[in-house]
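[1] would you be able to build a 3D model of this:
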Amino acid sequence: MKLGLSIGYSKARMDLPVALVQRAEQLGYDSVWSAEAYGSDAVTPLAFLAAVTKRIRLGTGIMQLAARTPANAAMCAGTVDALAGGGRFIAGLGVSGPQIVEGWYGQPWGRPYYRLKDTVAIMRKIFRREEPVTHDGKEISLPYHGEGAAGVGKPLKSILHMNPAIPIFLATGNESTVKLTAEIADGWLPMGFVPGCMDEYRPWLEEGFRRAGTGKSLENFEIQATAHVEVAGDVKAALARLKPEVALYVGGMGHKDKNFHKDQMIRRGFGDAADRIQELYLAHRKEEATAAVPDEWVDMKSLVGPPARIRQRFRAWADSGATGLTVRSAQPEAIEIMAEAARHA
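    Numbering: from 1, shown residues only. Coordinates of the predicted model:
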């Protein structure tokens, strides 16, 4: 199984873990993944890392669609890929949620399924430079001809000769968008993926491959799962340290009636806990919401404890059907232990 390293997005200050990324590259990690929410962006840190690494792939996990047009997303991907020497950038895309899309970016939530589909189609046309780009989509059109248009938009072709095969991964989780991912993308950043869940996802993926009609299958499709990793002597205490983030995402990262993180928890059999966490969090009882997060839910999504426990539990991830696992950890020891576990799985 290929390993990735998550650097996430910044907190109050930008603190890029350059030494950790370089050590991961030395240990054979395949990729490093950035993120964005409503602070630091996902692309700029990868441009910096391109200059201080040699071979590790540089993935956005994810670029939010509302943050940039498809053309700008393609420009960012093509630029960093060229700076990195070509063949290293992965354009990971996702829709975020309506609170951020409309509240932070000032964009309409619209129809995310078609926005994903239009964005990928436009980006691929830009990468390939076969002709000036036009697109007549259900959510996005080039040239623009909607309200306020001057009517003089001109189809253009990228000045930069980009890598025509920059891979595009989509972060999705429900049936329709997972099928779309398998149909149009090169890889998948699955929401809520845990060992044992491929039986649920496999029919959706196979339907998407069938729609693609290009010989796509699980044999040539990347699935990059994610897990928190923490080396610790006290498993229960380690799980407790991860609960505030769960409470934030399940309780407050999204509208009460549209929260993808809560939906994932419900689908995994923790519906009562998810409802209680959200109720408490939205009532500003954050400590109680954190306490309501079940140990079992956190443990299912993470690898924590002594090294022997991490190595033993990693086997389930290696056999899960995912082709890669992104490690979320700032611990140098955890990065080392995961490299060892992957070599011997």
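
[2] mind telling me what element the nearest residue to Val21 once chain neighbours are set aside is part of?
    Distances taken as C-beta to C-beta, 6 or more residues apart in numbering place Val32 nearest to Val21, at 5.2 Å, with adjacent residues excluded. Heads up, the C-betas are built off the backbone N, CA and C, glycines and all. With secondary structure defined by DSSP states H and E, Val32 is part of strand 31-34.

[3] which residue packs closest to the residue nearest in space to the middle of the chain, ignoring adjacent ones?
    The centroid of the chain falls nearest to Gly61 when counting by C-alpha atoms, centre = their mean (3.5 Å). The shortest distance from Gly61 to any non-neighbouring residue, by C-beta to C-beta, 6+ apart, is to Trp33 (3.8 Å).

[4] what's in contact with the longest helix seen in the chain?
    What stands out as the longest helix in the chain, according to DSSP state H, is helix 112-128. For helix 112-128, the surrounding residues in contact (C-beta atoms under 8 Å, 6 or more residues apart in numbering) are 65, 70-71, 73-75, 77-78, 91, 93, 95, 131, 133, 135, 137-140, 142, 158, 162-166, 168, 170, 172, 176-177, 180, 184-185.

[5] buried only: go through the residues you listed for me.
    Neighbour counting by 16 or more other C-beta atoms under 10 Å classes 65, 70-71, 73-75, 77-78, 91, 93, 95, 133, 135, 139-140, 142, 158, 162-163, 166, 168, 170, 172, 177, 180, 184-185 among the contacts of helix 112-128 as buried.

[6] quick check: bridge partners of the residue nearest to Gly61?
    Going by DSSP bridges, Trp33 is paired in beta bridges with Ser6, Gly59.

[7] you'd agree it is up against Leu3?
    No. Counting by C-beta atoms under 8 Å, Trp33 does not reach Leu3; the two are 11.0 Å apart.

[8] which one's more surrounded, those two?
    Trp33 (27 against 20; other C-beta atoms under 10 Å).

[9] from Ala341, how far off is that one?
    19 Å (C-beta to C-beta, to the nearest Å).

[10] check Ala247 too.
    Counting by C-beta to C-beta - Ala247 and Ala341 are separated by 29 Å.

[11] same deal with Arg111?
    According to C-beta to C-beta, Arg111 and Ala341 sit 41 Å apart.

[12] quick one, which of those two is more surrounded?
    Remark: of Arg111 and Ala341, Ala341 carries more neighbours, 23 against 12, as counted by other C-beta under 10 Å.

[13] give me the pLDDT value at that one.
    Note on Ala341: pLDDT of 97.

[14] same question, Ala238
    Note for Ala238: predicted pLDDT of 95.

[15] before we move on, which element is it in?
    Applying DSSP H and E, one finds Ala238 within helix 235-247.

[16] report all helices and strands that the helix or strand following that helix contacts.
    Using DSSP H and E, the helix or strand that follows helix 235-247 towards the C-terminus is helix 260-267. If contacts are counted by 3 or more C-beta pairs under 8 Å, 6 or more residues apart in numbering; DSSP states H and E, helix 260-267 sits against helix 271-282.

[17] residues in contact with the helix it packs on?
    Contacts for helix 271-282 (C-beta under 8 Å, 6+ apart): 246-248, 250-252, 256, 259, 262, 265-266, 286, 288-289, 292-294, 297.

[18] pull out the buried positions in that helix.
    273-274, 276-278, 280-281.

[19] got the contact list for Leu142?
    Residues near Leu142 by C-beta under 8 Å, 6+ apart: 71, 122, 133-135, 153, 155.

[20] please pull out the lowest mean pLDDT helix or strand from the chain.
    helix 260-267 (a mean of 84; mean pLDDT, DSSP states H and E).

[21] taking helix 271-282 as reference, get the angle to that helix.
    Using axes from the mean of the first three to the mean of the last three C-alpha atoms, to 10 degrees, the direction of helix 260-267 lies 150 degrees away from that of helix 271-282.

[22] C-alpha coordinates for helix 260-267, CSV please?
    Output of helix 260-267 as CSV, limited to C-alpha atoms (Å, rounded to 0.1, in the frame of the first residue of the first chain):
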residue,chain,number,x,y,z
PHE,A,260,-21.6,15.4,5.0
HIS,A,261,-19.5,14.4,8.0
LYS,A,262,-22.5,13.7,10.1
ASP,A,263,-24.0,11.7,7.2
GLN,A,264,-21.0,9.5,7.1
MET,A,265,-21.1,8.8,10.8
ILE,A,266,-24.8,7.8,10.5
ARG,A,267,-24.0,5.4,7.6
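
[23] quick one: buried residues of that helix?
    Buried residues in helix 260-267, counted by 16+ other C-beta under 10 Å: 260-267.

[24] from those residues, which is closest to Thr323?
    Lowest distance from Thr323 to those (C-beta to C-beta) belongs to Gln264, with 20.3 Å.
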